[in-house]
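In: let me see the structure of the following:
(4 chains)
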Amino acid sequence: MARIVDLKTAIAEQVQSGDTVAMEGFTHLIPHAAAHEIIRQGLTDLTLIRMTPDLIYDQMIGMGCARKVMFSWGGNPGVGSLRRLRDAYEQHWPTRLEIEEHSHAAMANAYEAGAAGLPCAIFRGYLGAQLAEVNPNIKFIHCPFTNERLAAVPAIKPDVSIIHAQKADRKGNVLIEGIVGVQKEAVLAAKRSVVTVEEIVDDFAGLHPNVCILPDWTVGTISLVPGGAHPSYAQGYYKRDNDFYKAWDPIASDRETFRQWMQTHVLEVGPEVFAERVTFDGPTVTSRSDSAQED
Amino acid sequence: MARIVDLKTAIAEQVQSGDTVAMEGFTHLIPHAAAHEIIRQGLTDLTLIRMTPDLIYDQMIGMGCARKVMFSWGGNPGVGSLRRLRDAYEQHWPTRLEIEEHSHAAMANAYEAGAAGLPCAIFRGYLGAQLAEVNPNIKFIHCPFTNERLAAVPAIKPDVSIIHAQKADRKGNVLIEGIVGVQKEAVLAAKRSVVTVEEIVDDFAGLHPNVCILPDWTVGTISLVPGGAHPSYAQGYYKRDNDFYKAWDPIASDRETFRQWMQTHVLEVGPEVFAERVTFDGPTVTSRSDSAQED
Amino acid sequence: MDYSTNEMMTVAASRAVSNDDVCFVGIGMPSAACNLARLTHAPDITLIYESGTIGTKPATLPLSIGDGELCETAVTTVSVPEMFRYWLQGGRITIGFLGAAQLDRFGNINTTVIGDYHNPKVRLPGGGGAPEIATSCQEIFLVMKQSTRGFVKQVDFITSLGHGPTGRERRELGVTTKGPSRLITDLCIWQTDPETREFVVTSIHPGVTREQIQDNTGWTVRYADQVDETPAPDATELDALRSLN
Amino acid sequence: MDYSTNEMMTVAASRAVSNDDVCFVGIGMPSAACNLARLTHAPDITLIYESGTIGTKPATLPLSIGDGELCETAVTTVSVPEMFRYWLQGGRITIGFLGAAQLDRFGNINTTVIGDYHNPKVRLPGGGGAPEIATSCQEIFLVMKQSTRGFVKQVDFITSLGHGPTGRERRELGVTTKGPSRLITDLCIWQTDPETREFVVTSIHPGVTREQIQDNTGWTVRYADQVDETPAPDATELDALRSLN
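Out: Numbering: from 1, shown residues only, chains lettered A, B, ... in the order given. Here you go, the predicted structure:
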């Protein structure tokens, strides 16, 4: 049953050094505030799972939280490399980083299998692709009806999944809308979960019956962190800070500049700073045309 | 690309005797008007696929349309047996009926695999269940990582899938809401599709971004048939005619009574009668609380 | 207050679930029992119907598994493939409620055929969701009226696995969920012997005799060392149940 | 009207898609080309981004694959697992647009590493959606600036299959989709030889010489029997392209 607690408590309770942690959000709703809290609490030896490691894992890796990262695309979207990830993998700074690399299709299917309680996912994938030669977690099976060769990967079953969502209600039901990514699957696949939200409302009356809701009994803790996805975005609340994504590249390119930035903007502050980093759109938006008109 | 045509044309163009046909709708949005049109057009030798054959296949089977039925629960929900289905299977009236029987989980997974372009679905199923002994389309594979034994069934890939939906827009995009069942999967898994709708609107502006929409280029034909799901229901338009479900049992229990009913209510009429069979709820409903309040 | 044997059965079943349960609810008796629990001692119980409706709170009992009210009062409604994959197979359901046409003392369920599968005496509706409900839910409660026709030594067809034909097969197959643990009938309550996996009677409904129970059971009835009398339905329970219909 | 080589490349790519196409669009050049097509000759083209947005119509080019505008202007937005299962693997995409860090003449793509996989000289972002885009879409168009660093004899790592190291492996693996059929660069347009599966130049952009093309290609360039001059971008195309940025 979901409990509403502050973010510091949530991370302290739900995440331990050595855990396998999935922090998801496909461009949208990336749980940056939660990542910063993990960094502040000094957690280490994490196995980090995420389709697109993005700035969030670049920061965690650069601060020495991770032992291993499992990913399918490790870049800064539209900008370039993840310099801290590369430095850790190539130069072992600040610590050695192991990688397990997949394709998006493989990871999406593996999360889906995790949510579905299966031990593995099968899909038509990795045909002629060399990742299958270097990653022992890519195998092949044959369809028992057609004999077609299909790729198989183990289900993703994190110790804890961490996501950012638009809203929770007081009971602990969580609403995600817009680009929903693999967050629902990540939470359902995990043993525990931490959710940060833009807003906690009394109830969800008036929503469309088929929206993406995680019922309260599938969620661990919920923490109110307005702006908590910045520099990612929360549809209906604030836009993606594309300038920050571009600005990150020079910050991350140098170890010392990076450390100083993290000191000032992460270590010496708390989750409350996120609200100041974004410009809220105004009234909450739940319909497509409304939000299109607001732009 | 979806074309908007009348139902008679749609069935004539898209369905042929001998086809494998899936008509879906899980209690909600069952495409009864389209079934009646198939009966009127005298199609035969169909392989009918449906999780819950329900009255719709009882009628088609009783009128001699079907050679085979694939199903997972063959009853009149809350009432009892499907008497025409049983008569065809047990007594070969009006023709011999073959069956292929699965569980709901197997069929839901098989539709999902069909939509996903896979040759088969795997799931944790049929453990100790004797259907696996009598249905050769149930096999088992082993997970290549854990060695767990998992059930496998062939993907469902109908020649044509037929569904009823709430709305289409003029371009041919189709909206389904409420209990969405396996309709999206059925259409995406099929070579061709027929969709009947309650309403055709100019456009879909204002909808929630994550509602279940079949884009126009995934749909074959669309026909406007208000009331076309009766005695099933269309959420936001009219309620389930529970009395009719109960009344069907005595009608179907006798071959002659059944034939007379079909003569009067199907053969001698057209799809336009469906609008008269339902009581419309009033203004269209798209939010959960709105429709709850209307009850 | 007067009550029918059906009402006694429904009330007894409703008492077996608790506020924290997540129940996969079939139509008919299970639906009545679970909703009665929700209206009495378990207001926060989560009810899931296989039509995709999660956390539903109908004011009246639905006739079908997918009546509009189930969706209108749900926390959310998902597709049927998602229901069977993420929610049932995902291991999120604490209690699955099932009925049967034939049942044996090890909780094996037949809802497929009476007689031979290929040449049945009676063709029944089939398994529906039950084969995977029986193995994916953490625990299974059975609800069924007793009769020698239904309570048989050996079911003609195992549609849904209980503990297996000898009570050992479920364990041997490596099924990790608990399986049938309770059977609630119009006459009494049975629980599963943890060793033999047979049903033993643990509580008899008011006014019912051991003779009646044996007369309506196709195997030799075993009783627990201590057999209670089931408390009769109270006024609150009966009012709530009747308001649902 | 003046234009850059980048603009020539984008315009040439945009002309390669048509109104009936369903394009799986990567960020950067493919996104610019597909949206330009939508604003000029293919108003009804369907653009799909791997973030889950289907039939999207952004007014400005998104920086990421999942900018808010992609969702706000889409026909519908689905989950990422659904995108890869029902839409990509389902075989519904007519054209997948891909780029590369290294590319060989058989259209094999490397976006993983320069050097050895376990001890790379340069670690690149990786495959993302490309390994399955390359085999699930009906046809693949490649868009990439030419250089001897990128256009290599043999890629260091096959992230995403083209026609295979010798041009035969795709067929031998039984992959039924067409694979790379067109390569649009800042210098020219290449098409795949149906026999050998090598890229051959079929059209040269205005002002570009064969020498320039060879100087920026790591293998011996082959030309089609008839080589056209690519029409320069017209004012409508350039205006539309510039309005997107």
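In: so how far is C:S243 from the residue nearest to C:L244 when sequence neighbours are not counted?
Out: Closest residue to C:L244 apart from its sequence neighbours, by CB to CB, 6 or more residues apart in numbering or on different chains: C:L61 at 4.9 Å. For every residue, glycine as well, the C-beta is placed using N, CA and C. C:L61 is 10 Å from C:S243, where distance means CB to CB, to the nearest Å.
In: show me which of the two is the more surrounded one.
Out: Comparing C:L61 with C:S243 by other CB atoms under 10 Å in any protein chain shown, the one with more neighbours is C:L61, at 18 against 13.
In: and A:P250, how many neighbours does it have?
Out: Using other CB under 10 Å, A:P250 is surrounded by 11 other residues.
In: can you count the residues close to the closest residue to it other than its chain neighbours?
Out: Spatial nearest neighbour of A:P250, excluding adjacent residues (CB to CB, 6+ apart): A:T257 at 7.3 Å. A:T257 is flanked by 12 other residues according to other CB under 10 Å.
In: related to what we said a few turns ago, correct me, but the residue nearest to C:L244 touches C:A32?
Out: Yes. Look at C:L61 against C:A32 with CB atoms under 8 Å: they come within range, at 5.8 Å.
In: give the residues shared as contacts by the two.
Out: Both C:L61 and C:A32 are contacted by C:244-245, under the criterion CB atoms under 8 Å, 6 or more residues apart in numbering or on different chains.
In: all helices of the stretch 51-200 of chain A, in order?
Out: When secondary structure is read from DSSP state H, counting those that start in this stretch, the stretch 51-200 of chain A shows helices at A:54-62, A:83-91, A:104-115, A:131-134, A:183-189.
In: which residues of the stretch 151-295 of chain A lie near chain C?
Out: A:173, A:185, A:188, A:204, A:209-213, A:215, A:217-218 (CB under 8 Å from any CB of the partner chain).
In: of these - the most surrounded one?
Out: In those, the most neighbours by other CB under 10 Å go to A:P209, 30 neighbours.
In: surely that one meets C:E69?
Out: No. A:P209 lies out of contact with C:E69 (CB under 8 Å); the separation is 11.7 Å.
In: could you check how far the closest residue to A:N173 other than its chain neighbours is from chain D?
Out: The shortest distance from A:N173 to any non-neighbouring residue, by CB to CB, 6+ apart, is to A:D216 (5.0 Å). Distance, A:D216 to chain D, using CB to the nearest CB, to the nearest Å: 21 Å.
In: pretty sure A:D216 contacts A:V187?
Out: No. In this structure A:D216 lies outside contact range of A:V187 using CB under 8 Å: 11.9 Å.
In: so between the two, which is more surrounded?
Out: Taking neighbours as other CB under 10 Å, A:D216 and A:V187 compare with A:V187 leading, 28 against 21.
In: roughly how far apart are that one and D:P206?
Out: 54 Å.
In: list the contacts of the residue nearest to C:L244.
Out: By CB under 8 Å, 6+ apart, the neighbours of C:L61 are C:31-32, C:35, C:244-245.
In: what does the stretch 101-250 of chain A put close to chain D?
Out: A:101, A:103-105, A:108-109, A:111-112, A:123-131, A:134, A:178-182, A:184-185, A:212, A:233, A:235, A:239-240, A:242, A:245.
In: would you tell me what helix or strand C:R38 is located in?
Out: helix C:29-39 (DSSP states H and E).
In: so that helix, near chain B or not?
Out: No. Interface with chain B: helix C:29-39 contributes nothing (CB under 8 Å from any CB), its closest point being 9.4 Å away.
In: now do that helix: everything it contacts.
Out: Contacts of helix C:29-39 (CB under 8 Å, 6+ apart): C:9-11, C:13-18, C:23, C:25, C:45, C:47, C:49, C:57-58, C:61-62, C:97-99, C:141, C:143-144, C:184, C:237, C:240-241, C:243-245.
In: just the ones of these in helices?
Out: Taking DSSP state H, the ones among the contacts of helix C:29-39 that sit in helices are C:9-11, C:13-15, C:237, C:240-241, C:243-244.
In: buried ones only from these, please, as a PyMOL command.
Out: To isolate the buried members of the ones in helices among the contacts of helix C:29-39 in PyMOL, using 16 or more other CB atoms under 10 Å in any protein chain shown:
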select buried, chain C and resi 9+10+11+13+14+15+237+240+241+244
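In: can you select the buried ones from the residues of the stretch 101-250 of chain A next to chain D in ChimeraX?
Out: Command for ChimeraX that selects the buried part of these, burial taken from 16+ other CB under 10 Å:
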select /A:101,103,104,105,108,109,111,112,123,124,125,126,127,128,129,130,131,178,179,180,181,182,184,185,212,233,235,239,240,242,245
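In: which of the ones in helices among the contacts of helix C:29-39 sits closest to D:R105?
Out: Lowest distance from D:R105 to the ones in helices among the contacts of helix C:29-39 (CB to CB) belongs to C:A13, with 71.0 Å.
In: how deep is the nearest residue to the closest one once chain neighbours are set aside tucked in, by neighbour count?
Out: Spatial nearest neighbour of C:A13, chain neighbours left out: C:A33 (3.6 Å); criterion: CB to CB, 6+ apart. For C:A33, the neighbour count with other CB under 10 Å is 26.
In: against chain B, how distant is C:A33?
Out: C:A33 is 15 Å from chain B, by CB to the nearest CB.
In: same check, this time on C:H41
Out: Look at C:H41 and chain B: by CB to the nearest CB, they are 25 Å apart.
In: which residues are in contact with that residue?
Out: With contact taken as CB under 8 Å, 6+ apart, C:H41 is in contact with C:14-15, C:18-19.
In: export those residues to JSON lines and tack on pLDDT and distance to C:V155?
Out: Below are the contacts of C:H41 laid out as JSON lines (pLDDT from 0 to 100; distance: CB to CB, whole Å):
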{"residue": "C:S14", "pLDDT": "97", "distance to C:V155": "27"}
{"residue": "C:R15", "pLDDT": "98", "distance to C:V155": "27"}
{"residue": "C:S18", "pLDDT": "97", "distance to C:V155": "30"}
{"residue": "C:N19", "pLDDT": "96", "distance to C:V155": "34"}
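In: just put those in a markdown table and tack on distance to D:F157.
Out: Formatted as a markdown table, the contacts of C:H41 follow (distance: CB to CB, whole Å):
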| residue | distance to D:F157 |
| --- | --- |
| C:S14 | 62 |
| C:R15 | 63 |
| C:S18 | 56 |
| C:N19 | 55 |
